[in-house]
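Trainee: Return a 3D structure for these sequence lines:
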Amino acid sequence: MEKNATPIIIALPGSGKSTLSGMLAKKFNKTVLSTDPQFRIFRAIPATSQKEEAKVMQRFLKRAQKEFPDKYQALYAAAKEDTTDKMPEPDSPAYPQKRTHLRDSSFFRDFGEDIFRTFEIEMLAWLHEKGRFEEKIPELSGSALLYEENRKLFSKENGYIFVHLDVGHEDIVKHLKKDFYKHLENSKMAGEWKPIRGAYEKAVRQALMEQKNIHITPENVKELCIQNNDIVEATLSEVARKAREERHNFWMSDTFNAISMKVEANETPEQTFNKILQEIKKPPAVQQTKKLQYNL
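Mentor: Residues are numbered from 1 along each chain as shown. Presented below is the predicted three-dimensional model:
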């Protein structure tokens with residue numbers, strides 16, 4: 001690995017990215033900064049908040065006014081305190097204010113994926129400017145590096161190296177399903193949606209409503225999903241396929257310049273981790289850059 005280069009694991013949701021990022025952090029005496037939880041925190045803070053983190057929402061709104069003028073007023077209103085939100089506890093990211101409507105990823109995504117990801121771009125830039133990634137292994141969302149601004153931020157010139165994991169579809173769906181039921185349990189306990197992978201969870205809820213015509217709440221969704229496990233699994237599988245079409249081919253392209261690594265079925269995290277270490281320690285000229293093909 002090049003001196004001081006920080007590895008970033010790139011993979012589809014359900015590929016084991018979090019586990020391997022944690023193992024890399026321990027190996028290189030760093031900590032993991034997972035940006036998905038940060039995303040949920042920052043989009044809950046009203047633009048009117050006096051907290052330093054509110055700068056992200058303010059930057060986002062300023063940019064949205066220029067790039068998405070037709071949706072700006074609705075975004076501006078959604079970035080205020082949601083008066084229907086429950087009273088904030090001290091551990092609320094918006095405390096002492098109530099959270100924004102944009103805390104709900106399903107609601108936010110309804111404005112359009114590019115708008116949703118523009119907020120992420122501004123958040124990542126702010127975290128970088130504040131030095132929050134120093135001595136950290138960044139764990140980025142699956143979509144972050146589809147956007148050029150984020151690729152420049154985490155570029156080789158800024159001291160990063162990308163490691164792409166090529167994991168089989170069946171293994172991905174198995175892991176997605178496990179995490180999905182964890183999301184349902186968290187949501188049931190909280191009495192509100194507690195997303196782990198918002199796009200996947202939203203798709204399952206929509207599929208259940210469309211096929212079963214039932215009203216879904218955080219309290220009843222777990223039982224409904226258990227009763228309709230075939231719909232859950234089929235929907236997660238379909239969303240994973242679409243994600244692969246959107247991201248995987250790009251990550252495998254020569255222009256992206258990632259180390260691409262095939263993860264075999266039943267391969268343990270330790271085995272994958274050792275393969276990653278062997279690969280990133282090689283001089284750049286001999287690092288594996290061959291793009292592997294995967295047939296669904």
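Trainee: in this protein, which ranges drop under the pLDDT threshold?
Mentor: Within the chain, the stretches with pLDDT under 70 are 1-4, 255, 283-296.
Trainee: For it, just list every one of the strands.
Mentor: For the chain, the strands defined by DSSP state E occupy 6-10, 31-34, 136-139, 160-167, 259-263.
Trainee: top helix in this protein by residue count?
Mentor: Criterion DSSP state H: the longest helix present in the chain is helix 169-190.
Trainee: From the chain's centroid, how far away is that one?
Mentor: Centroid separation for helix 169-190 versus its chain: 14 Å, with CA atoms, centre = their mean, to the nearest Å.
Trainee: Show me what that helix is packed up against.
Mentor: Where contact means 3 or more CB pairs under 8 Å, 6 or more residues apart in numbering; DSSP states H and E, helix 169-190 is packed against helix 198-212, helix 221-227, helix 229-243. For every residue, glycine as well, the C-beta is placed using N, CA and C.
Trainee: could those be laid out in CSV, adding mean neighbour count and distance to Asp254?
Mentor: Putting these into CSV (neighbours: other CB atoms under 10 Å; distance: least, CB to CB, whole Å) gives the following:
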stretch, mean neighbour count, distance to Asp254
helix 198-212, 18, 28
helix 221-227, 16, 41
helix 229-243, 17, 21
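Trainee: Out of those, which gets nearest to Pro37?
Mentor: Between Pro37 and the helices and strands packed on helix 169-190, the tightest spacing by CB to CB is seen for helix 198-212, at 12.0 Å.
Trainee: Output that closest one as PDB - backbone C-alpha positions only.
Mentor: The C-alpha coordinates for helix 198-212 follow below in PDB (Å, rounded to 0.1, in the frame of the first residue of the first chain):
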ATOM      1  CA  GLY A 198     -33.700   3.200   3.500                       C
ATOM      2  CA  ALA A 199     -34.100   2.500  -0.200                       C
ATOM      3  CA  TYR A 200     -34.500  -1.300   0.400                       C
ATOM      4  CA  GLU A 201     -36.900  -0.900   3.400                       C
ATOM      5  CA  LYS A 202     -39.000   1.600   1.500                       C
ATOM      6  CA  ALA A 203     -39.300  -0.800  -1.500                       C
ATOM      7  CA  VAL A 204     -40.500  -3.600   0.800                       C
ATOM      8  CA  ARG A 205     -43.200  -1.400   2.400                       C
ATOM      9  CA  GLN A 206     -44.400  -0.300  -1.000                       C
ATOM     10  CA  ALA A 207     -44.500  -3.800  -2.300                       C
ATOM     11  CA  LEU A 208     -46.600  -5.000   0.600                       C
ATOM     12  CA  MET A 209     -49.000  -2.000   0.200                       C
ATOM     13  CA  GLU A 210     -49.400  -2.600  -3.500                       C
ATOM     14  CA  GLN A 211     -49.800  -6.400  -3.400                       C
ATOM     15  CA  LYS A 212     -51.700  -6.700  -0.100                       C
END
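Trainee: So which of the strands of the chain is nearest Asn186?
Mentor: Each of the strands of the chain was scored for nearness to Asn186 using CB to CB, and the closest is strand 31-34 (15.9 Å).
Trainee: Having no further points to raise, I will conclude here.
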